[in-house]
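S.K.: build me a model:
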Amino acid sequence: MSAADAAAVAVTLWSPTDAVTAVAISGAESSWTLTAAGDRPNEFDPVVYAELLPWTCPPYTSNAPTSIGPWQVNLSNRGVLPYTNNCANMQWLMASWSNSAQAAHALWQRDGFQPWATYTDGRYRNFLAQAQAAVNAALAVSPPPPPTGGGSTPGQIIARRPSLLFVVLGLLGAAGIVVIGEGEVRR
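M.R.: Numbers count the residues shown, from 1 in each chain. Have a look, this model is predicted:
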């Protein structure tokens, strides 16, 4: 496993700058290991992790890990994982880089990079150079995703499937007709 694996999927989800941070976090969390499994419920407050105690998931016969995959997404993060069953989520996170990155990205969209201790304590910085090189290489193969906000550049496609309303308004505008408000049309 390598930073290249993480970068290949990260550039499809994050902006180039955030992809570098995400790839560095993955390096700090798991050394870019797809099947990384860390944190055990018994290491945490049993009240917070009561729903995970005790639980098993092959090959773990007791005290199975709760942070899974290259981004060490914690199984207690409801809403970013596809299943209600922890064992199914663990297997899903370990099944592909794409699955793990999707869950990490959903968590990032909700909470930024704050959920990762390696980000908040700065350990991810030790992986920034490798992450930057991997993201640069991935971007050479795959273009960056469209911006998620903050405007666009002239000529940039900002929507692929316009709604019927926008198509009609565009046609009216091309004919010199401007819709001012509810029920008002001017030429």
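
S.K.: CA only for contacts and neighbour counts going forward, please
M.R.: OK.

S.K.: in stretch 112-130, what counts as buried?
M.R.: Residues 113, 115, 116, 118, 119, 123, 124, 125, 127, 128, 130 are the ones in stretch 112-130 that count as buried (16 or more other CA atoms under 10 Å).

S.K.: what residues are up against the third one?
M.R.: So the one you mean is residue 116. residue 25 (CA atoms under 8 Å, 6 or more residues apart in numbering).

S.K.: please state the backbone phi and psi of it?
M.R.: phi -90, psi 120 (degrees, to the nearest 10).

S.K.: how close does it sit to residue 137?
M.R.: Shown here: residue 116 relative to residue 137, a distance of 25 Å by CA to CA, to the nearest Å.

S.K.: the last one too?
M.R.: Look at residue 130 and residue 137: by CA to CA, they are 11 Å apart.

S.K.: same deal with residue 102?
M.R.: 20 Å.

S.K.: the two: which has the busier surroundings?
M.R.: Neighbours per residue, other CA atoms under 10 Å: of residue 102 and residue 137, the larger number sits with residue 102, 19 against 14.

S.K.: in space, what's closest to that one - neighbours in sequence excluded?
M.R.: residue 13 (7.7 Å; CA to CA, 6 or more residues apart in numbering).

S.K.: did I read that right, residue 131 in a helix?
M.R.: Yes. Assessed by DSSP: H, G, I helix; E, B strand; the rest coil, residue 131 belongs to a helix.

S.K.: give the contact list for residue 90.
M.R.: 68, 75 are the contacts of residue 90 under CA under 8 Å, 6+ apart.

S.K.: one more time with 7 Å, if that's ok
M.R.: residue 68 (CA atoms under 7 Å, 6 or more residues apart in numbering).

S.K.: what residues sit buried inside the strand or helix carrying it?
M.R.: Element membership of residue 90 [criterion: DSSP states H and E] is helix 86-95. Buried residues in helix 86-95, counted by 16+ other CA under 10 Å: 86, 87, 89, 90, 91, 92, 93, 94.

S.K.: look up how far residue 96 lies from the first one.
M.R.: The one in question is residue 86. Distance from residue 86 to residue 96, by CA to CA: 17 Å.
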